[in-house]
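# got a sequence here, can you model it:
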Amino acid sequence: MPRKLPFRVIHVSGQDESYRAAELNYHSPLTKGWQSSRYCLYPQDIVIQLENRSRLRKIQILSHQYLIATKIEFFVGDVPDEQLQDLENARYTRLGYVSLSDNEKTGYKARELKSVHVDAIGLYLKLNIHKNHINKYNIYNQVGIIAINVIGDDIRRPTDLTDPDVYLDPDKRKAIEADPSLEGLYNKPDFISPLDDLAFDMYQDPEIAGIIRKLEKKKQEAVLQERFEYAKKLKAAISELQKVGEKLGKYEVEKRQAVENEDYDKAKLRKVQMDEYRLQVYKELNLPDLLETSGSRHPQVIDLEPIRQATPPRLQEISYRTPPQTPPPRTPYDERPLPAMKKPPPVPEEEDPAPSETNTGITGEPEPMGEKELREASYAIDAFGEPLVSKAYSKTWSYREDALLAVYKHVQESSVSAKEECRNLLKATIFLIKRAIDDKVYSVFKAGLHLLRMILTEYIPKHKLTKQDTIYAVEKTMPNLLHKGGDTAQRNREDAKNFVLEEASLMEVKPTNIVPHECTKPIKLSLAPRQAQTQCEIVEALYLKLGIKSNTGLTVENLMQFCVTALGHNSDKVREVAERIIKDLYKEVRDPVKDYLPPDNEKTRKITLYRQLFEYFDKVDGKPTKTDVKRKRADDERKKQQEIDMLQQQLQQLKDMAAGKQPIDESVLENKKGAPRRPSIASKKMVGTSLHPSLV
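I've put the predicted structure just below:
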């Protein structure tokens with residue numbers, strides 16, 4: 001029977017750093033999926049390798065909701081028998097393509113699931129992804145795939161008595177021996193289980209999904225043994241668990257979103273709800289009995305160890321029937337694995353560790369480092385030893401924090417006198433600080449800043465290292481600090497920003513001018529708005545704090561080059577900060593600022609941004625702005641028109657009096673005599689007018 005085939009991505013033509021192709025290797029409600037790099041060239045290629053040479057029956061693609069490709073082509077690859085199984089030796093056959101909807105009708109909120117039925121044999125599957133549909137959300141012209149699923153049969157010789165091919169008649173067996181690709185076509189049903197469908201894994205809680213698969217296998221065994229009552233119970237339990245799994249999957253997504261937004265109260269509430277709801281369902285369904293002993297002729301112990309990713313431990317005492325009004329105190333979010341359903345020994349409550357002298361010891365054993373990590377951290381391992389560095393690489397945040405505190409103590413108490421050894425220790429420490437700054441856990445991030453401050457204010461002066469060593473420490477960590485300025489959490493952004501400003505004023509750092517030099521490097525227009533805004537605010541604060549008159553590292557040239565680039569960013573908040581810097585700089589130096597801006601002419605002033613800047617410059621220079629000139633001209637025209645209207649009205653009255661249509665009004669005559677004589681249209685018309693003899 002066709003089943004879900006395991007695979008791994010072995011080649012991708014491009015990827016976004018935050019959405020790597022490795023996300024496609026597993027399916028869960030929290031899968032982020034793959035996204036191409038920004039402004040990439042098309043088509044993009046993804047190649048996946050199956051675990052074994054297989055006959056493909058069904059391919060499923062779950063597309064992103066707005067990073068949508070117009071077309072996806074499928075190629076199956078295989079390696080000739082006489083050649084080594086390697087990607088370079090693969091020969092591809094085109095299967096066809098599918099077109100994707102632009103998703104405009106759904107408001108770019110729904111994801112499209114494409115299922116393609118095929119019949120092909122191979123070891124590799126290549127996806128050729130064509131250019132994206134254009135919409136207002138896809139501003140970088142990217143494409144994205146949330147998940148890929150491949151269903152089929154493994155191709156191998158029948159060596160197991162449970163394999164139906166063992167019972168083939170000799171003619172069919174000879175046909176398979178002549179053409180191995182025919183294997184899997186005889187005595188194999190075409191039915192595909194709904195549990196292997198991509199939609200099942202993408203919306204089900206992983207732990208519940210694993211239990212449902214075990215129950216489904218039990219149900220099939222019960223049907224073969226004609227134990228229909230037991231099969232009926234299993235069917236009802238599977239149906240109930242599918243609903244539970246979807247609800248828990250939704251809770252898991254909400255919990256992850258709350259953690260990213262640092263709304264830990266909501267995250268804790270969702271975790272309590274999930275744990276309580278899960279255990280209550282297990283108890284109501286009597287799940288251990290269904291899986292282990294109840295109704296089974298051959299009882300076996302089945303481990304209910306969850307297959308979910310590492311999460312905090314569950315509460316040990318949770319009421320099964322009524323939820324608590326106020327959630328009890330929880331252990332910190334330390335990413336430890338969830339315990340099994342069998343009752344574990346009680347876990348003592350822990351307190352949130354705080355950086356202190358009593359908490360600098362390294363205790364416990366973290367997970368071992370991989371080969372790649374060992375190569376990457378070889379410099380730090382030589383300086384601090386593998387046990388300490390493995391703590392810094394641990395998935396448990398408390399280990400990572402303890403490692404930084406231990407490094408702090410080690411470096412602070414270091415008595416190394418040789419300059420070269422001091423520099424080696426500095427480089428190893430900076431390597432760990434960079435990882436700490438990028439850490440998502442706030443306390444680890446703060447410990448990294450604490451360690452970097454000590455390096456710049458104590459370690460470098462104590463060992464009398466050169467300016468080049470100070471520049472090295474700042475240069476290596478500045479990109480990480482600026483990147484942290486784009487974090488979703490406001491306190492992370494503020495702490496990174498404040499530390500950069502503090503760093504610029506340190507006694508060892510200020511003479512090097514390295515902080516203004518690094519911060520005023522022009523930003524990329526594709527930079528995330530939050531990060532770009534924070535960097536602009538840092539530059540503004542540095543300018544207001546240091547100025548440009550003395551040797552501060554800030555000049556009209558580097559400030560204006562930075563600001564002119566920032567004016568082209570698509571975020572209005574970034575442009576506003578750049579405008580403020582330019583205006584403050586113009587008040588100080590005047591004309592040199594205009595050398596970096598477009599020429600002041602009518603064409604340039606049609607652009608609102610530059611019109612506002614040039615009008616501000618005119619105002620600072622004491623010149624009337626063009627807007628003021630236009631307003632004054634309009635006022636003069638209006639006054640002139642009012643005088644013309646008044647004189648024409650008086651002329652009409654005089655005409656009426658001369659014609660005897662109305663009695664003589666002495667006030668009109670007095671006004672006429674006293675009115676100033678102006679060369680206007682009305683006065684010219686009065687020249688040819690004669691008065692009635694009675695008025696003379």
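
# residue 366 looks like it's in a strand, true?
No: Residue 366: not assigned to a strand; according to DSSP: H, G, I helix; E, B strand; the rest coil it is coil.

# dump the residue contacts of it.
Shown in contact with residue 366 (Cβ atoms under 8 Å, 6 or more residues apart in numbering): 390-391, 393-394, 396, 399. For the C-beta atoms, the positions are set from N, CA and C on the backbone; glycine is no exception.

# now with 10 Å?
With contacts defined as Cβ atoms under 10 Å, 6 or more residues apart in numbering, residue 366 is in contact with 387, 389-396, 398-400, 402-403.

# what's the answer for residue 36, then?
Taking Cβ under 10 Å, 6+ apart, one finds 12-16, 19, 21, 42, 44, 46, 67, 69, 129, 132, 140-145 in contact with residue 36.

# ok, residue 90 to residue 122 distance?
From residue 90 over to residue 122 the distance is 8 Å, taken as Cβ to Cβ, to the nearest Å.

# more neighbours: which of these two?
A count of neighbours by other Cβ atoms under 10 Å puts residue 122 above the other of residue 90 and residue 122, at 25 against 20.

# OK, contacts around residue 556?
548, 585, 588-589, 592-593, 595-596.

# now, these that are in strands?
Counting by DSSP state E, the contacts of residue 556 place none of their members in strands.

# hmm, back to that, what residues do residue 90 and residue 122 have in common as contacts?
49, 75-79.

# who wins on neighbours among these?
residue 76 (22 neighbours).

# secondary structure element for residue 118, which one?
Applying DSSP states H and E as the criterion places residue 118 in strand 113-129.

# so what strands line up beside that strand?
Sheet partners assigned to strand 113-129 using DSSP bridges are listed as strand 44-63 (antiparallel), strand 71-78 (antiparallel).

# tell me which helix or strand of this structure sits lowest on mean pLDDT?
The helix or strand of the chain with the poorest confidence is helix 681-686; it has a mean of 42 (mean pLDDT, DSSP states H and E).

# restrict stretch 224-241 to CA atoms and write it as CSV.
Taking C-alpha atoms only, stretch 224-241 is exported to CSV below (Å, rounded to 0.1, in the frame of the first residue of the first chain):
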residue,chain,number,x,y,z
LEU,A,224,-8.1,-8.9,10.3
GLN,A,225,-8.7,-10.8,13.6
GLU,A,226,-12.5,-10.2,13.3
ARG,A,227,-12.6,-8.4,16.6
PHE,A,228,-15.1,-5.9,15.4
GLU,A,229,-16.2,-4.5,18.8
TYR,A,230,-12.6,-3.5,19.5
ALA,A,231,-12.2,-2.0,16.1
LYS,A,232,-15.4,0.0,16.7
LYS,A,233,-13.9,1.5,19.9
LEU,A,234,-10.7,2.3,18.1
LYS,A,235,-12.6,4.0,15.3
ALA,A,236,-14.5,6.2,17.7
ALA,A,237,-11.3,7.1,19.6
ILE,A,238,-9.6,8.0,16.3
SER,A,239,-12.5,10.3,15.3
GLU,A,240,-12.4,12.0,18.7
LEU,A,241,-8.6,12.4,18.7
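
# show me where the stretch 251-400 of the chain dips below the pLDDT cut-off.
292-364 (pLDDT under 70).

# please repeat the previous calculation with a cut-off of 80.
Residues of the stretch 251-400 of the chain that meet the criterion pLDDT under 80 lie in 287-365.

# the contacts of residue 366, buried ones only, as a ChimeraX selection?
Selection of buried members from these for ChimeraX, criterion 16 or more other Cβ atoms under 10 Å:
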select :389,390,391,392,393,394,396,398,399,400,402,403
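
# look up how far residue 520 lies from the spatially closest residue to residue 586 that is not a sequence neighbour.
Using Cβ to Cβ, 6 or more residues apart in numbering and skipping residues adjacent in sequence, the residue nearest residue 586 is residue 593, 4.6 Å away. Per Cβ to Cβ, residue 593 is found 15 Å from residue 520.

# quick one: which of the two has more around it?
Taking neighbours as other Cβ under 10 Å, residue 593 and residue 520 compare with residue 520 leading, 23 against 20.

# ramachandran angles for that one?
Dihedral angles of residue 520 (phi, psi; degrees, to the nearest 10) stand at phi -90, psi 10.

# my guess is it meets residue 552, correct?
No: contact criterion Cβ atoms under 10 Å: residue 520 and residue 552 do not qualify, at 11.1 Å.

# overlap in contacts of these two?
542-543.

# so which of the strands paired with strand 113-129 comes closest to residue 524?
Across these, residue 524 has its closest neighbour in strand 44-63 (21.3 Å, Cβ to Cβ).

# off-centre distance for that closest one?
The gap between where strand 44-63 is centred and where its chain is centred comes out at 27 Å by Cα atoms, centre = their mean, to the nearest Å.

# quick one: average pLDDT of it?
Averaging pLDDT along strand 44-63 gives 93.

# what's the answer for stretch 431-450, then?
When pLDDT is averaged along stretch 431-450, the result is 94.

# list the buried ones in stretch 554-565?
So for stretch 554-565, counting by 16+ other Cβ under 10 Å, buried means 554, 558-560, 562-563, 565.

# farthest pair in these?
554 and 565 (15.8 Å).

# now the helices for the stretch 501-650 of the chain?
514-519, 529-546, 556-566, 572-589, 602-605, 608-620, 626-658 (DSSP state H, counting those that start in this stretch).

# could you list every helix and strand in contact with the longest one?
Which is helix 626-658. helix 608-620, helix 666-674, helix 681-686 (3 or more Cβ pairs under 10 Å, 6 or more residues apart in numbering; DSSP states H and E).

# and the host helix or strand of residue 258, which residues are buried?
Assigned by DSSP H and E, residue 258 belongs to helix 228-260. By 16+ other Cβ under 10 Å, the buried positions in helix 228-260 come out as 230-231, 233-235, 237-238, 241-242, 244-249, 251-252, 254-255, 258-259.

# next helix or strand past it?
Counting by DSSP H and E, the next helix or strand C-terminal to helix 228-260 is helix 264-285.

# so that next one versus helix 228-260, what angle?
With axes from the mean of the first three to the mean of the last three Cα atoms, to 10 degrees defining the directions, helix 264-285 sits at 170 degrees from helix 228-260.

# identify each buried residue in the next helix or strand after helix 264-285, please.
Once the chain leaves helix 264-285, the next helix or strand it forms, by DSSP H and E, is helix 287-291. Neighbour-count burial for helix 287-291 flags 287-288, 290-291 (criterion: 16+ other Cβ under 10 Å).

# burial of residue 450, as a residue count?
16.

# residues contacting it?
355, 404-405, 408, 433, 436, 499.

# which members of the residues you listed are the farthest-apart pair?
Once Cβ to Cβ is applied, these give 405 and 499 as the farthest pair, at 18.1 Å.

# residues in contact with the one helix or strand residue 379 maps to: which ones?
Counting by DSSP H and E, the element that carries residue 379 is helix 378-384. Applying Cβ under 10 Å, 6+ apart, the external contacts of helix 378-384 come out as 369, 373-375, 377, 386-393, 403, 406-407, 410-411, 414, 421, 424-432, 435.

# got the CA coordinates for it in CSV?
Extracted in CSV, the C-alpha atoms of helix 378-384 (Å, rounded to 0.1, in the frame of the first residue of the first chain):
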residue,chain,number,x,y,z
SER,A,378,37.1,25.2,17.8
TYR,A,379,38.6,28.6,18.8
ALA,A,380,36.4,28.9,21.8
ILE,A,381,36.9,25.3,22.8
ASP,A,382,40.7,25.9,22.8
ALA,A,383,40.2,28.8,25.2
PHE,A,384,37.5,27.6,27.5
